[in-house]
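> after the sequence you'll find the predicted model.
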Amino acid sequence: MQEQLLIEARKKAENAVSDMADPALRLKAFEVILEKLLGGAEPNSGTDPQKRRKRRTSNSSTGAPKPEGDSKRGRILRLRDDGFFREQRTISELRDELRTRGWIYELTSLSGPLQLLVQKGQLRQALVTEGAKKIYKYVSP
């Protein structure tokens, strides 16, 4: 029965975005609509959505939260693993690389995830002087 609910929610979300021309906007709208539809369907499954979310995002061996593959942190880590941060990169360069992969974020929305990754030691941050400006750049540890 739950599989049928998932199929119906997917079809509703696809129909809702079918007339959108911009592929990036269509994808984001689809994700948001599907999340809303599935959020409405979860109470029928008999589980608490908060508990399900925590169970999916924690590392079962340590209980520590891990970034989801489709979260900003997860996508930044994916770039790190692909070697993007071998050289020092600015937040603008990061935004541009994410955009080329179809993940569109405002520049200001990336500073929080970057700071958290620096605090956890998954990236390093350096204050660099370029001309008269001082900017932060990020690099793999």
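All right, it came through fine.
> by contact count, what packs against the lengthiest helix in the chain?
Ranked by residue count under DSSP state H, the longest helix found in the chain is helix 23-41. Counting contacts by 3 or more C-beta pairs under 8 Å, 6 or more residues apart in numbering; DSSP states H and E, helix 23-41 packs against helix 2-17. C-beta: built from backbone N, CA, C; applies to glycine.
> quick revisit: hmm, who's touching the longest helix of the chain?
For helix 23-41, contacts defined as C-beta atoms under 8 Å, 6 or more residues apart in numbering pick out 5-6, 9-10, 12-14, 16-17, 20, 49, 102, 104.
> 7 Å - rerun?
Contacts made with helix 23-41 from outside it, assessed by C-beta atoms under 7 Å, 6 or more residues apart in numbering, are listed as 5, 9, 10, 12, 13, 14, 16, 17, 20, 49, 102, 104.
> give me the lowest-pLDDT entry from the residues you listed.
Lowest pLDDT of these: residue 49, 49.
> what's downstream of the lowest-mean-pLDDT helix or strand in the chain, the next helix or strand?
None of the helices or strands of the chain scores lower by mean pLDDT, DSSP states H and E than helix 49-57, at a mean of 49. Scanning forward in sequence from helix 49-57 by DSSP states H and E, the next helix or strand is helix 72-81.
> just the buried residues of that following helix, please?
For helix 72-81, the buried set under the neighbour-count rule, 16 or more other C-beta atoms under 10 Å, comprises 72, 73, 75, 76, 77, 78, 79, 80.
> any chance of those residues in JSON lines, with distance to residue 125 too?
Listed next are the buried residues of helix 72-81 as JSON lines, based on distance: C-beta to C-beta, whole Å:
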{"residue": "72", "distance to residue 125": "16"}
{"residue": "73", "distance to residue 125": "15"}
{"residue": "75", "distance to residue 125": "18"}
{"residue": "76", "distance to residue 125": "13"}
{"residue": "77", "distance to residue 125": "15"}
{"residue": "78", "distance to residue 125": "19"}
{"residue": "79", "distance to residue 125": "15"}
{"residue": "80", "distance to residue 125": "13"}
